[in-house]
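Peer 1: 3D model of this:
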Amino acid sequence: MLLSISEENYLKTILKIGMKSGYPVSTNSIAHSIQNKAASVSDMLKKLAEKDLIQYQLYKGASLTSKGEDIALMQLRKHRLWECFLVNKLAFSWNEIHEIAEELEHINSPKLIDKLDEFLGYPKTDPHGDPIPDKMGKIQMNSFVPLVEIKPNQMVKILGVLDSSDAFLVHLNKLNLQLGNIITVVEVDNYDNTFLLEIEGKSMSISSKVAQNLLVEVG
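Peer 2: As a prediction, this is how the structure comes out:
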């Protein structure tokens, strides 16, 4: 089925929101994600429903059909593999890659993507720690938890981010925090919930907002 770039983006957006928050996905949440008017979103959802790519009910939201989910998973696979390529092979920073991958993901060549996957060594996660669907569309969701849930004196490893916006990733760059860092929560301030961390023998403080958006694995 030949779809427009916009239709592919809508399906991927519904998938990403649905994986985080469950289905059906509301019109407003889609509108917020793609920064479009709710009325325009409703019009697109009706078109996708007519093509049997989603199930859509006014005021209730949208869920992907099996056909729509397959397409969305492949878009997600392409996007995240291209992000890996940009960071691992072309030395882009993780905050520079989203818009470029948004363009590259619409290249319609399954053979190219399979070759790209092989070239990269079959990565399981993208540079932001998000899981990459395999060629069959299977995706292994991670079980990471936000740093804000970690108690003092626990050692954890940073393995993902909830917020992959340019502003947040640039902020992490300034803090010199990246995936793979081993950190220990030393103390959480009772007044403003500032987190005092120890990383590689050095102390640093981060806000509770940063801690909410860092995903970690204990142990």
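Peer 1: is it true that residue 146 touches residue 217?
Peer 2: No: proximity of residue 146 to residue 217 does not meet the contact threshold set by C-beta atoms under 8 Å, at 11.5 Å. In short, each C-beta sits where N, CA and C put it, glycine included.
Peer 1: Near residue 2, how many other residues are there?
Peer 2: As a burial measure, residue 2 scores 5 neighbours (other C-beta atoms under 10 Å).
Peer 1: Look up the closest residue to the residue nearest to the spatial centre of the chain, ignoring the ones flanking it.
Peer 2: A centroid search over the chain (C-alpha atoms, centre = their mean) returns residue 130, at 5.3 Å, as the residue closest to the centre. Using C-beta to C-beta, 6 or more residues apart in numbering and skipping residues adjacent in sequence, the residue nearest residue 130 is residue 80, 6.2 Å away.
Peer 1: Determine the three-state secondary structure at the one you found.
Peer 2: Assigned by DSSP: H, G, I helix; E, B strand; the rest coil, the conformation of residue 80 is helix.
Peer 1: ok, it - contacts?
Peer 2: For residue 80, the set of contacting residues under the criterion of C-beta atoms under 8 Å, 6 or more residues apart in numbering consists of 101, 125, 126, 130, 131, 132, 133.
Peer 1: Start from the N-terminal end of the protein and give the helices.
Peer 2: Read by DSSP state H, the chain holds these helices, from start to end of the chain: 5-21, 27-34, 38-50, 66-88, 98-104, 110-119, 166-175, 208-213.
Peer 1: Select, out of those helices, the one closest to residue 59.
Peer 2: Taking C-beta to C-beta as the measure, the helices of the chain were each checked against residue 59, and helix 27-34 came out nearest at 8.2 Å.
Peer 1: list the buried ones in the closest one?
Peer 2: Judged by neighbour count (16 or more other C-beta atoms under 10 Å), helix 27-34 contains these buried residues: 27, 29, 30, 31, 33.
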